[in-house]
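Enquirer: compute the structure for the input listed below.
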Amino acid sequence: MELKNVVKDKKFWMASFIIAWAAALQGHMMWLQRQNSFKEKFEDGSCCRGRILVRALVQVPRVFTTKYS
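Expert: This next block holds a predicted model:
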(Lines give C-alpha, C1' and ligand atoms only; values in the text may rest on other atoms or scores of the structure.)
Protein backbone atom coordinates (compact mmCIF):
# COMPACT_ATOMS: atom_id res chain seq x y z
CA MET A 1 0.00 0.00 0.00
CA GLU A 2 1.07 3.49 -0.66
CA LEU A 3 1.51 5.99 2.13
CA LYS A 4 -1.31 8.10 0.70
CA ASN A 5 -3.75 5.21 1.04
CA VAL A 6 -2.60 4.38 4.57
CA VAL A 7 -3.19 7.96 5.76
CA LYS A 8 -6.69 7.94 4.25
CA ASP A 9 -7.56 4.58 5.82
CA LYS A 10 -9.84 4.84 8.87
CA LYS A 11 -8.37 1.65 10.37
CA PHE A 12 -4.97 3.33 10.56
CA TRP A 13 -6.36 6.28 12.52
CA MET A 14 -8.42 4.06 14.82
CA ALA A 15 -5.38 1.90 15.60
CA SER A 16 -3.26 5.00 16.21
CA PHE A 17 -5.90 6.41 18.55
CA ILE A 18 -6.15 3.17 20.53
CA ILE A 19 -2.37 2.94 20.91
CA ALA A 20 -2.13 6.56 22.06
CA TRP A 21 -5.04 6.09 24.48
CA ALA A 22 -3.46 2.95 25.96
CA ALA A 23 -0.12 4.71 26.43
CA ALA A 24 -1.81 7.66 28.13
CA LEU A 25 -3.80 5.34 30.39
CA GLN A 26 -0.65 3.46 31.38
CA GLY A 27 1.13 6.72 32.18
CA HIS A 28 -1.80 7.90 34.26
CA MET A 29 -1.93 4.62 36.20
CA MET A 30 1.81 4.85 36.91
CA TRP A 31 1.34 8.41 38.18
CA LEU A 32 -1.51 7.29 40.46
CA GLN A 33 0.60 4.46 41.83
CA ARG A 34 3.43 6.89 42.59
CA GLN A 35 1.03 9.21 44.38
CA ASN A 36 -0.37 6.35 46.48
CA SER A 37 3.08 5.08 47.47
CA PHE A 38 4.12 8.60 48.51
CA LYS A 39 0.94 8.97 50.56
CA GLU A 40 1.47 5.61 52.26
CA LYS A 41 5.10 6.42 53.03
CA PHE A 42 4.41 9.76 54.71
CA GLU A 43 0.94 9.25 56.08
CA ASP A 44 2.13 8.45 59.65
CA GLY A 45 3.48 11.97 60.23
CA SER A 46 7.15 11.00 60.27
CA CYS A 47 7.79 13.34 57.35
CA CYS A 48 7.50 16.45 59.51
CA ARG A 49 10.88 15.91 61.17
CA GLY A 50 12.53 15.50 57.77
CA ARG A 51 10.81 18.58 56.38
CA ILE A 52 12.08 20.74 59.25
CA LEU A 53 15.61 19.42 58.75
CA VAL A 54 15.49 20.17 55.02
CA ARG A 55 14.22 23.69 55.65
CA ALA A 56 17.04 24.30 58.13
CA LEU A 57 19.64 23.11 55.63
CA VAL A 58 18.22 25.07 52.69
CA GLN A 59 17.82 28.45 54.38
CA VAL A 60 20.45 31.01 53.46
CA PRO A 61 22.24 32.65 56.39
CA ARG A 62 21.41 36.33 56.95
CA VAL A 63 25.03 37.34 56.34
CA PHE A 64 24.73 36.53 52.62
CA THR A 65 21.38 38.21 51.98
CA THR A 66 20.81 41.78 50.91
CA LYS A 67 18.72 44.22 52.89
CA TYR A 68 15.99 43.97 50.20
CA SER A 69 15.48 40.21 50.37
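Enquirer: okay, helices next: where are they in this structure?
Expert: 3-8, 10-42, 47-58 (DSSP state H).
Enquirer: in a markdown table: the ones you listed, plus mean neighbour count and mean pLDDT.
Expert: All C-beta atoms are positioned from the backbone trio N, CA, C, and that covers glycine. Converted to a markdown table, those look like this (neighbours: other C-beta atoms under 10 Å; pLDDT from 0 to 100):
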| stretch | mean neighbour count | mean pLDDT |
| --- | --- | --- |
| helix 3-8 | 9 | 82 |
| helix 10-42 | 10 | 90 |
| helix 47-58 | 9 | 52 |
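Enquirer: what about residue 22, distance to residue 29?
Expert: Relative to residue 29, residue 22 is positioned 11 Å away (C-beta to C-beta, to the nearest Å).
Enquirer: what touches both of the two?
Expert: By C-beta atoms under 8 Å, 6 or more residues apart in numbering, residue 22 and residue 29 have no common neighbours.
Enquirer: residue 32 and residue 25, how far apart?
Expert: Remark: distance between residue 32 and residue 25 (C-beta to C-beta) = 11 Å.
Enquirer: what does residue 6 give?
Expert: Between residue 6 and residue 25 the distance is 25 Å, computed by C-beta to C-beta.
Enquirer: how near is residue 3 to residue 14?
Expert: The value you get for residue 3 to residue 14, if C-beta to C-beta is used, is 18 Å.
Enquirer: and if you look at residue 35?
Expert: 32 Å.
Enquirer: and what of residue 30?
Expert: Residue 30 is 25 Å from residue 14, by C-beta to C-beta.
Enquirer: repeat for residue 7
Expert: Using C-beta to C-beta, one obtains 13 Å as the distance from residue 7 to residue 14.
Enquirer: do the same with residue 22
Expert: Residue 22 is 13 Å from residue 14, by C-beta to C-beta.
Enquirer: also residue 5?
Expert: For residue 5, the distance to residue 14 - C-beta to C-beta - is 15 Å.
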